[in-house]
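Peer 1: need a 3D model of the following:
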Amino acid sequence: MADDAAVTAEVEARKGSVTSLVTQKNYVGALTAALADPEKVLASKNADVKSANAAVVFQVIDAVEDKEIDGVLEGLDPLVMDLLMKYVYKGLSVSCSLAGWLVSRDGIPPLRLEFYS
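Peer 2: Numbering: from 1, shown residues only. Sure, this is the predicted structure:
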(Lines give C-alpha, C1' and ligand atoms only; values in the text may rest on other atoms or scores of the structure.)
Protein backbone atom coordinates (compact mmCIF):
# COMPACT_ATOMS: atom_id res chain seq x y z
CA MET A 1 0.00 0.00 0.00
CA ALA A 2 1.19 3.48 -0.81
CA ASP A 3 0.11 4.81 2.59
CA ASP A 4 2.04 2.08 4.40
CA ALA A 5 5.10 2.83 2.28
CA ALA A 6 4.90 6.50 3.25
CA VAL A 7 4.45 5.69 6.94
CA THR A 8 7.30 3.17 6.78
CA ALA A 9 9.53 5.87 5.25
CA GLU A 10 8.54 8.27 8.04
CA VAL A 11 9.31 5.67 10.70
CA GLU A 12 12.73 5.01 9.12
CA ALA A 13 13.49 8.74 9.03
CA ARG A 14 12.32 9.03 12.63
CA LYS A 15 14.66 6.21 13.61
CA GLY A 16 17.67 8.20 12.42
CA SER A 17 16.59 11.27 14.34
CA VAL A 18 15.84 9.25 17.47
CA THR A 19 19.21 7.45 17.29
CA SER A 20 20.96 10.81 17.14
CA LEU A 21 19.00 12.12 20.15
CA VAL A 22 19.70 8.94 22.14
CA THR A 23 23.43 9.30 21.38
CA GLN A 24 23.21 12.82 22.83
CA LYS A 25 21.33 11.39 25.85
CA ASN A 26 18.38 13.65 25.02
CA TYR A 27 15.83 11.03 26.01
CA VAL A 28 12.88 13.42 26.32
CA GLY A 29 13.50 14.64 22.78
CA ALA A 30 14.03 11.09 21.55
CA LEU A 31 10.75 9.85 23.03
CA THR A 32 8.89 12.88 21.72
CA ALA A 33 10.28 12.22 18.24
CA ALA A 34 9.66 8.46 18.44
CA LEU A 35 6.03 9.03 19.38
CA ALA A 36 5.31 11.80 16.84
CA ASP A 37 2.29 11.46 14.53
CA PRO A 38 0.80 8.45 16.32
CA GLU A 39 -2.39 8.52 14.29
CA LYS A 40 -0.49 7.54 11.13
CA VAL A 41 1.04 4.47 12.77
CA LEU A 42 -2.16 3.49 14.54
CA ALA A 43 -4.19 3.85 11.34
CA SER A 44 -1.94 1.41 9.50
CA LYS A 45 -3.20 -2.15 9.16
CA ASN A 46 0.36 -3.32 8.48
CA ALA A 47 1.87 -5.06 11.51
CA ASP A 48 5.38 -4.41 10.17
CA VAL A 49 4.80 -0.65 10.32
CA LYS A 50 3.62 -0.88 13.91
CA SER A 51 6.52 -3.16 14.86
CA ALA A 52 9.05 -0.84 13.25
CA ASN A 53 7.68 2.13 15.18
CA ALA A 54 7.62 0.14 18.42
CA ALA A 55 11.28 -0.77 17.85
CA VAL A 56 12.12 2.95 17.63
CA VAL A 57 10.28 3.64 20.90
CA PHE A 58 11.93 0.70 22.66
CA GLN A 59 15.34 1.85 21.41
CA VAL A 60 14.91 4.91 23.62
CA ILE A 61 13.43 3.01 26.56
CA ASP A 62 16.34 0.56 26.49
CA ALA A 63 18.88 3.41 26.50
CA VAL A 64 17.52 5.09 29.63
CA GLU A 65 19.08 3.92 32.88
CA ASP A 66 16.74 3.18 35.78
CA LYS A 67 18.01 6.18 37.77
CA GLU A 68 17.13 8.50 34.85
CA ILE A 69 13.53 7.34 34.32
CA ASP A 70 11.94 9.79 36.75
CA GLY A 71 13.63 12.80 35.15
CA VAL A 72 12.69 11.68 31.66
CA LEU A 73 9.06 11.16 32.61
CA GLU A 74 8.86 14.55 34.29
CA GLY A 75 10.04 16.19 31.06
CA LEU A 76 7.40 14.61 28.83
CA ASP A 77 4.25 16.28 27.55
CA PRO A 78 1.11 14.53 28.90
CA LEU A 79 0.12 13.28 25.43
CA VAL A 80 3.58 11.80 24.84
CA MET A 81 3.45 10.25 28.32
CA ASP A 82 0.10 8.64 27.52
CA LEU A 83 1.43 7.19 24.27
CA LEU A 84 4.58 5.98 26.00
CA MET A 85 2.56 4.15 28.63
CA LYS A 86 0.70 2.28 25.89
CA TYR A 87 4.01 0.99 24.56
CA VAL A 88 5.21 0.15 28.08
CA TYR A 89 2.06 -1.84 28.84
CA LYS A 90 2.38 -3.63 25.51
CA GLY A 91 6.03 -4.34 26.26
CA LEU A 92 5.19 -5.72 29.69
CA SER A 93 3.53 -8.64 27.96
CA VAL A 94 7.03 -9.59 26.79
CA SER A 95 9.35 -8.30 29.52
CA CYS A 96 9.03 -7.30 33.17
CA SER A 97 12.03 -4.99 32.83
CA LEU A 98 9.66 -2.19 31.78
CA ALA A 99 7.94 -2.02 35.17
CA GLY A 100 10.01 1.01 36.20
CA TRP A 101 8.29 3.08 33.52
CA LEU A 102 4.78 2.72 34.95
CA VAL A 103 3.11 5.93 36.07
CA SER A 104 -0.42 6.93 36.88
CA ARG A 105 -2.25 9.41 34.69
CA ASP A 106 -2.54 11.99 37.48
CA GLY A 107 1.17 12.78 37.60
CA ILE A 108 2.18 10.58 40.50
CA PRO A 109 5.84 9.63 40.07
CA PRO A 110 6.63 6.27 38.47
CA LEU A 111 5.38 3.24 40.28
CA ARG A 112 8.31 1.09 41.33
CA LEU A 113 7.36 -2.55 41.32
CA GLU A 114 9.42 -5.10 43.16
CA PHE A 115 9.21 -8.69 42.15
CA TYR A 116 9.79 -11.34 44.77
CA SER A 117 10.81 -14.87 43.93
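
Peer 1: pLDDT below threshold where in the protein?
Peer 2: Along the chain, the parts satisfying pLDDT under 70 run over 1-2, 93-117.

Peer 1: what's the separation between residue 34 and residue 40?
Peer 2: Applying CB to CB, to the nearest Å, the value for residue 34 to residue 40 is 13 Å. The C-beta positions use only the backbone N, C-alpha and C, and glycine is treated the same way.

Peer 1: looking at those two, which has the bigger crowd around it?
Peer 2: A direct count of neighbours by other CB atoms under 10 Å for residue 34 and residue 40 places residue 34 higher, at 27 against 16.

Peer 1: list the contacts of that one.
Peer 2: Counting by CB atoms under 8 Å, 6 or more residues apart in numbering, residue 34 makes contact with 14, 18, 53, 56, 57, 59, 60.

Peer 1: and stretch 59-69, what's buried?
Peer 2: The neighbour-count check on stretch 59-69 (16 or more other CB atoms under 10 Å) flags 60, 61, 63, 64, 69 as buried.

Peer 1: quick one: the helices in the protein, in order.
Peer 2: Taking DSSP state H, the helices of the chain run over residues 2-23, 27-34, 38-43, 47-63, 69-74, 78-92.

Peer 1: list the helices and strands the third one packs on?
Peer 2: The contact analysis (3 or more CB pairs under 8 Å, 6 or more residues apart in numbering; DSSP states H and E) places helix 38-43 against helix 2-23, helix 47-63.
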